[in-house]
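*Asks:* I would like to see how this sequence folds:
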Amino acid sequence: MAKEIIYTDTAPKPIGPYSQAVKVNGTLFVSGQIALDPETGELVNENITEETHAVMKNLDAILQAADYTFSDVVKCSIFVRDMNEFGTINEAYGRYFKSDPPARETVEVSMLPKDVQVEISCIAVKG
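*Replies:* Numbers count the residues shown, from 1 in each chain. As a prediction, the model looks like this:
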């Protein structure tokens with residue numbers, strides 16, 4: 001089993017001892033992303049819609065660095081601080097999956113890194 005670490009400057013640097021993504025046997029495991037601007041390191045969190053789009057852009061940057069796209073994503077995990085924001089998050093998230101959306105779960109949690117409102121991770125598979 002060959003394990004390849006994926007890293008790109010177009011997504012936020014990890015804020016702990018983890019990789020942006022790890023690829024094993026054609027499966028890409030992308031670490032949870034929050035709404036950090038990769039250039040400034042600042043949070044993009046004026047509102048939940050903007051925050052969700054920033055998270056999805058960070059996921060996209062990592063997918064692209066590994067030569068994957070959102071159409072290769074088979075599973076997402078969404079962690080939210082307030083399930084009352086589910087509809088708004090869902091609307092922004094849905095724009096990235098035009099057809100055949102992946103499996104997923106959405107879980108309300110009491111706290112997320114840097115006190116953000118949403119964190120999303122994904123698994124993508126080629127072939």
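*Asks:* CA atoms for contacts and neighbours, from now on please.
*Replies:* Will do.
*Asks:* within the helices and strands, which one has the nearest residue to Ala21 once chain neighbours are set aside?
*Replies:* Using C-alpha to C-alpha, 6 or more residues apart in numbering and skipping residues adjacent in sequence, the residue nearest Ala21 is Val30, 4.2 Å away. Using DSSP states H and E, Val30 maps to strand 27-33.
*Asks:* just list what that strand packs against, helices and strands only.
*Replies:* Under the contact definition 3 or more C-alpha pairs under 8 Å, 6 or more residues apart in numbering; DSSP states H and E, strand 27-33 sits against strand 21-24, helix 48-65, strand 118-125.
*Asks:* angle of the second one against strand 27-33?
*Replies:* What it means is helix 48-65. 150 degrees (axes from the mean of the first three to the mean of the last three C-alpha atoms, to 10 degrees).
*Asks:* ok now the next helix or strand after helix 48-65, how far from the chain's centre?
*Replies:* On the C-terminal side of helix 48-65, the closest following helix or strand by DSSP H and E is strand 73-80. Here strand 73-80 is found 7 Å from its chain centre; the criterion is C-alpha atoms, centre = their mean, to the nearest Å.
*Asks:* so which of the helices and strands packed on strand 27-33 is nearest Arg81?
*Replies:* Judged by C-alpha to C-alpha, the one of the helices and strands packed on strand 27-33 that comes nearest to Arg81 is strand 118-125, at 6.6 Å.
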